[in-house]
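A.B. asks: the amino acid sequence is not available; the structure is as follows:
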């Protein structure tokens with residue numbers, strides 16, 4: 001609301017004329033007229049604003065209107081003036097960009113500012129506005145300036161468009177940041193949407209065919225590895241990594257592979273040929289049947305972390321990999337590397353920013369392998385799950401997770417590539433199943449699943465708020481990209497398709513469901529970018545990404561940094577067709 005709109009509301013409530021308000025306020029009628037039209041506004045703390053407050057309060061007392069105290073009127077008018085003067089929308093985008101691009105711990109930021117982490121998240125996604133945005137900007141800037149890492153300096157310099165040297169002076173850094181946060185210079189760059197797009201489009205069966213995974217033969221020819229060997233420089237360290245894979249794959253050991261690496265990722269990724277061989281080496285370990293425990297480094301620029309996760313998507317889809325992370329901020333000068341299998345150990349080190357001067361040490365000496373094995377296990381014991389991954393083999397564990405967390409209170413949001421199944425009626429479900437190739441057993445399983453989902457959402461919506469974003473398609477697009485019942489939670493890898501008429505009928509059912517459930521909100525999106533994933537967000541707790549296309553798989557994100565980025569990501573929308581439907 002603008003200042004003139006709020007003023008006109010007061011005048012309407014008071015049922016007074018501009019002349020009456022001018023006399024009560026000690027201001028001229030022309031000034032009141034300019035305020036009412038929006039041509040002019042008084043400054044916060046000015047005599048004109050105080051006169052206006054006094055005038056509104058005086059008329060309220062004369063007309064016996066309660067609730068309009070001086071403090072209430074002053075606070076309201078000051079708030080709308082602040083909102084009108086401060087570019088909140090751009091500030092929100094810039095703040096989100098800043099926290100996404102830098103390795104800033106949002107929980108630490110919230111603690112330093114005496115806020116809850118969820119409050120920061122709501123400011124980032126535009127659901128809340130800081131009461132004092134200038135002070136809030138300054139506090140954020142002070143925290144960031146105090147916690148900048150060397151890699152963050154370069155990233156921030158690029159965002160602000162200033163030399164990195166200027167950011168090394170704390171006062172200069174704060175000044176640049178405060179100005180930038182409220183500027184129109186920054187454009188939000190989503191680093192989560194590309195990750196989700198790759199996950200959405202990824203086809204494990206196609207990937208298996210492309211690398212001939214089914215045809216892979218685990219070699220049995222012994223690899224002649226010296227008892228130990230050192231590798232110096234990036235090229236040699238790449239060779240050391242591949243030599244480790246060879247030693248592991250060609251050994252008889254079936255012990256799990258444990259890995260931790262916080263050395264710069266970009267140097268490795270730059271070697272395209274190396275990355276192909278790296279993926280092939282990991283594929284061979286998976287083909288051999290080894291379980292992989294990988295501790296990801298999250299204390300790096302967010303884009304770099306997301307780039308690393310994108311590279312691991314094919315491997316995650318196998319269900320043989322467990323990803324972890326180490327909480328807290330660790331040293332920012334020394335990079336460490338450890339790969340451990342039952343046959344070999346690879347240990348490396350470097351100074352951050354000087355990876356080319358680092359080294360690796362590869363050994364198959366029994367005592368050294370045992371030493372590094374214990375070291376890797378000790379490190380793994382301190383790690384937290386980055387995400388839990390559930391395939392059909394873990395269906396029982398997935399159901400247990402959902403049953404435990406469905407009853408937990410909190411605000412929820414879903415971003416769906418299919419219509420919410422809990423809004424289906426028995427009649428429409430029966431008709432959809434009738435023209436699809438489902439067995440009697442599958443029909444019973446689906447029907448019971450839908451019934452459980454209805455009960456779950458009735459219970460949830462009686463207590464908590466839920467917003468669901470759904471795709472809206474015209475007939476032509478629907479025929480190009482048919483919609484199917486979302487059955488990933490059943491691990492039923494079968495396409496159960498709608499007709500366009502059934503899809504339209506389901507949309508109407510959703511409208512009706514929304515009208516009858518006060519806590520339920522539906523957002524329609526005609527520009528929805530995904531076809532095969534459903535995203536369920538329990539704010540501040542976890543994010544569930546479910547992939548429908550075979551093999552059905554679920555990723556439950558626990559890590560606060562990644563979870564926060566997914567909670568606050570901006571999904572592309574069509575401004576013309578974006579519709580918000582709320583319960584009346």
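C.D. replies: Thanks, I have the structure now. Since the model is a prediction, treat every value here as computed from it, not as a measurement.
A.B. asks: quick check: domain ranges of the protein?
C.D. replies: For the chain, automatic domain parsing gives the domain ranges 3-85, 88-181, 195-385, 392-582.
A.B. asks: adding mean pLDDT and mean neighbour count, write those domains out as CSV.
C.D. replies: Using the backbone N, CA and C atoms, a C-beta is placed for each residue, glycine as well. As requested, these are exported to CSV (pLDDT from 0 to 100; neighbours: other CB atoms under 10 Å):
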stretch, mean pLDDT, mean neighbour count
domain 3-85, 84, 16
domain 88-181, 83, 17
domain 195-385, 80, 17
domain 392-582, 86, 17
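A.B. asks: mind jotting down where the strands sit in the stretch 151-300 of the chain?
C.D. replies: 228-232, 257-261, 292-296 (DSSP state E, counting those that start in this stretch).
A.B. asks: between those, which gets nearest to residue 530?
C.D. replies: Closest of the strands of the stretch 151-300 of the chain to residue 530 is strand 292-296, at 23.5 Å (criterion: CB to CB).
A.B. asks: relative to strand 257-261, how tilted is that closest one?
C.D. replies: With axes from the mean of the first three to the mean of the last three CA atoms, to 10 degrees as the basis, strand 292-296 and strand 257-261 are set at 10 degrees to each other.
A.B. asks: that older thread, distance to residue 148 added to the strands of the stretch 151-300 of the chain, as CSV?
C.D. replies: Shown next, in CSV, are those (distance: least, CB to CB, whole Å):
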stretch, distance to residue 148
strand 228-232, 31
strand 257-261, 23
strand 292-296, 22
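A.B. asks: out of those strands, which is closest to residue 363?
C.D. replies: Checking those against residue 363 by CB to CB gives strand 228-232 as the closest, at 4.2 Å.
A.B. asks: name the helices or strands packed onto that closest one?
C.D. replies: In terms of contact count using 3 or more CB pairs under 8 Å, 6 or more residues apart in numbering; DSSP states H and E, strand 228-232 is assigned the packing partners helix 234-249, strand 354-363.
A.B. asks: mind putting the ones you listed into TSV with distance to residue 514?
C.D. replies: Shown next, in TSV, are the helices and strands packed on strand 228-232 (distance: least, CB to CB, whole Å):
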stretch	distance to residue 514
helix 234-249	53
strand 354-363	53
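A.B. asks: of those, give the one that comes closest to residue 389.
C.D. replies: helix 234-249 (21.7 Å).
A.B. asks: all helices of the stretch 1-150 of the chain, in order?
C.D. replies: Taking DSSP state H, counting those that start in this stretch to define them, one finds helices in the stretch 1-150 of the chain at 3-14, 18-25, 29-37, 47-62, 70-85, 88-101, 106-112, 117-124, 133-146, 150-160.
A.B. asks: with distance to residue 518 added, can I get these in TSV?
C.D. replies: Formatted as TSV, the helices of the stretch 1-150 of the chain follow (distance: least, CB to CB, whole Å):
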stretch	distance to residue 518
helix 3-14	26
helix 18-25	39
helix 29-37	36
helix 47-62	33
helix 70-85	27
helix 88-101	27
helix 106-112	30
helix 117-124	21
helix 133-146	32
helix 150-160	42
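A.B. asks: please identify which of those is closest to residue 541.
C.D. replies: Among the helices of the stretch 1-150 of the chain, the nearest to residue 541 by CB to CB is helix 117-124 (10.0 Å).
A.B. asks: got the angle for that closest one vs helix 133-146?
C.D. replies: Computed by the same axes, to 10 degrees, the angle between helix 117-124 and helix 133-146 is 110 degrees.
A.B. asks: next one: helix 117-124 to chain centre, how far?
C.D. replies: Centre-to-centre, helix 117-124 and its host chain are 13 Å apart (CA atoms, centre = their mean, to the nearest Å).
A.B. asks: what is that helix packed up against?
C.D. replies: Under the contact criterion of 3+ CB pairs under 8 Å, 6+ apart, helix 117-124 touches helix 88-101, helix 106-112, helix 560-567.
A.B. asks: would you reformat the ones you listed as JSON lines and include distance to residue 150?
C.D. replies: Putting the helices and strands packed on helix 117-124 into JSON lines (distance: least, CB to CB, whole Å) gives the following:
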{"stretch": "helix 88-101", "distance to residue 150": "15"}
{"stretch": "helix 106-112", "distance to residue 150": "18"}
{"stretch": "helix 560-567", "distance to residue 150": "19"}
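A.B. asks: so residue 348 makes contact with residue 358?
C.D. replies: Yes: under the criterion of CB atoms under 8 Å, residue 348 makes contact with residue 358 at 6.3 Å.
A.B. asks: find the nearest non-adjacent residue to residue 258, please.
C.D. replies: Distance criterion CB to CB, 6 or more residues apart in numbering; nearest residue to residue 258, sequence neighbours excluded, is residue 376 at 4.1 Å.
A.B. asks: check which helix or strand covers residue 523.
C.D. replies: strand 520-525 (DSSP states H and E).
A.B. asks: packing partners for that strand?
C.D. replies: Short answer (3+ CB pairs under 8 Å, 6+ apart): strand 520-525 packs on strand 466-471, helix 500-515, strand 579-582.
A.B. asks: between the following helix or strand past it and strand 466-471, how big is the angle?
C.D. replies: Following strand 520-525 in sequence order, the next helix or strand is strand 533-538 (DSSP H and E). Angle between the axes of strand 533-538 and strand 466-471 is 160 degrees (criterion: the same axes, to 10 degrees).
A.B. asks: alright, that wraps it up for me.
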